[in-house]
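Q: Need the 3D shape of this:
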Amino acid sequence: MKKLLFLLVAILGFSLIISGCSNEDASGDGAAAEADYPTEDMDWTIAFGPGGGNDVMAREMIKIMEEYDLYPGELVPENREGGSGAVGWGHLSQNAGNPYHISTTSGSFITTPLQSDPGWDYEDFTHIALMATDDMFFLVPGESEYETLEDFIAAAEEKTMNVGGIGVANVDRMIVETFGEEAGLDLEYVSFNAEGQLQSALLSDSLDAMVANPSGVIGQLESGDMRALAFSGEEQLPDYPDIPTFIDQGFDVNISMPRGVILPADVDEEVRQWWIDTMKEVAETDEWAEYIQNNYLTEQILYGDDFTEYLDETTTTFNNILEDLGALDD
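A: Next comes the predicted model:
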């Protein structure tokens, strides 16, 4: 009888231990899940339409990660354009705490919440990495009568020119407005949500000029459908030494677009570190080096808190420029 009682007590004790372990697992469910992260497909928001610099960079990252088996599940890109990034990054912000959403940044990531109230700003996300910065061409149709920036300025002194770009208050607009101010011109900035729409407007003569990242218009430059009159970088692109910078032509126009990677707010530190480590692997591949070179970007890499510090400083700079241009509400 004593043996039976001892056996029952032992079974009960063992059950309690098992139950306690189970309860511990349940209460620490997030930690257990993080240890296995990632286990699900990744929703990759592209906050603009197909064909632009943001779209090209996101899809190149996905291609590299798939080629090197850096992510065990599917990386699913989704173009969620609208509102100068407000729609796409708004979708990301609504998934706070969900580690299976990701996005890539551009200038609108900073400028859109400066000019409007989309319900989020750059502080409402988890900052993973700045991977590059991007400068822009100032372009006219290939058959345009304007052969040089000087030609364009002479014509713009006689009439208001329509100049297109992506986003309402993006780096695109800052470049156009700053150039107009520097040259003493009254330029009308026209915003678009998608690169294809912008290019169609220029090639159908609905616009007099446009600004665009090199990666989106190299083909049109090579075919002669477009002509670049200026480049907004500090120096001329090595592959296009005949295209002068604004600075070369006496205009202080040099505003770069940050190309980075973000997650929603409130993801765990282990997840943040997993993506920082993964982006380091992406940045070390030959394919990423080729992407930087082929798309005429400047490789500028900052991870985690350093990326956050960069965003703090760049937001202050952009805010000051837009205030000076009168592009912000009082």
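
Q: Tell me which stretches of the protein form helices.
A: Assigned helices in the chain, in chain order: 2-27, 29-36, 53-67, 86-93, 108-115, 149-156, 171-183, 195-203, 214-223, 269-283, 286-294, 305-324 (criterion: DSSP state H).

Q: and those helices, which one's lowest on average pLDDT?
A: Here the lowest mean pLDDT among those goes to helix 2-27, at a mean of 42.

Q: ok so, going back, can you list the helices of the chain in JSON lines and add mean neighbour count and distance to Leu237?
A: Any C-beta I mention is one placed from the backbone N, CA and C, and that applies to glycine too. What follows is the helices of the chain, written out as JSON lines (neighbours: other C-beta atoms under 10 Å; distance: least, C-beta to C-beta, whole Å):
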{"stretch": "helix 2-27", "mean neighbour count": "10", "distance to Leu237": "56"}
{"stretch": "helix 29-36", "mean neighbour count": "12", "distance to Leu237": "43"}
{"stretch": "helix 53-67", "mean neighbour count": "20", "distance to Leu237": "15"}
{"stretch": "helix 86-93", "mean neighbour count": "22", "distance to Leu237": "29"}
{"stretch": "helix 108-115", "mean neighbour count": "25", "distance to Leu237": "23"}
{"stretch": "helix 149-156", "mean neighbour count": "17", "distance to Leu237": "16"}
{"stretch": "helix 171-183", "mean neighbour count": "23", "distance to Leu237": "16"}
{"stretch": "helix 195-203", "mean neighbour count": "19", "distance to Leu237": "19"}
{"stretch": "helix 214-223", "mean neighbour count": "17", "distance to Leu237": "7"}
{"stretch": "helix 269-283", "mean neighbour count": "17", "distance to Leu237": "21"}
{"stretch": "helix 286-294", "mean neighbour count": "15", "distance to Leu237": "10"}
{"stretch": "helix 305-324", "mean neighbour count": "15", "distance to Leu237": "22"}
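
Q: Indicate which one of those helices is closest to Val253.
A: For Val253, the closest of the helices of the chain is helix 171-183, at 5.0 Å, according to C-beta to C-beta.

Q: got the contact list for that closest one?
A: 106-108, 111, 136, 138, 153, 156, 163, 165-167, 185-187, 189, 191, 211, 230, 232, 246, 251-253, 255-257, 318, 321-322, 325, 327 (C-beta atoms under 8 Å, 6 or more residues apart in numbering).

Q: now it, how far from the chain's geometric center?
A: 21 Å (C-alpha atoms, centre = their mean, to the nearest Å).

Q: repeat for stretch 242-255
A: Its chain's average C-alpha position is 24 Å from that of stretch 242-255, according to C-alpha atoms, centre = their mean.

Q: what's the answer for stretch 198-210, then?
A: 24 Å.

Q: May I have it exported as CSV, CA atoms only?
A: Output of stretch 198-210 as CSV, limited to C-alpha atoms (Å, rounded to 0.1, in the frame of the first residue of the first chain):
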residue,chain,number,x,y,z
LEU,A,198,5.9,60.2,-64.5
GLN,A,199,7.9,59.0,-67.5
SER,A,200,4.8,58.8,-69.7
ALA,A,201,3.9,62.4,-68.8
LEU,A,202,7.4,63.6,-69.9
LEU,A,203,7.5,61.6,-73.1
SER,A,204,4.0,62.8,-74.0
ASP,A,205,5.1,66.4,-73.5
SER,A,206,2.7,66.9,-70.6
LEU,A,207,5.8,68.0,-68.6
ASP,A,208,8.7,70.2,-69.6
ALA,A,209,11.2,68.3,-67.4
MET,A,210,11.4,65.7,-64.6
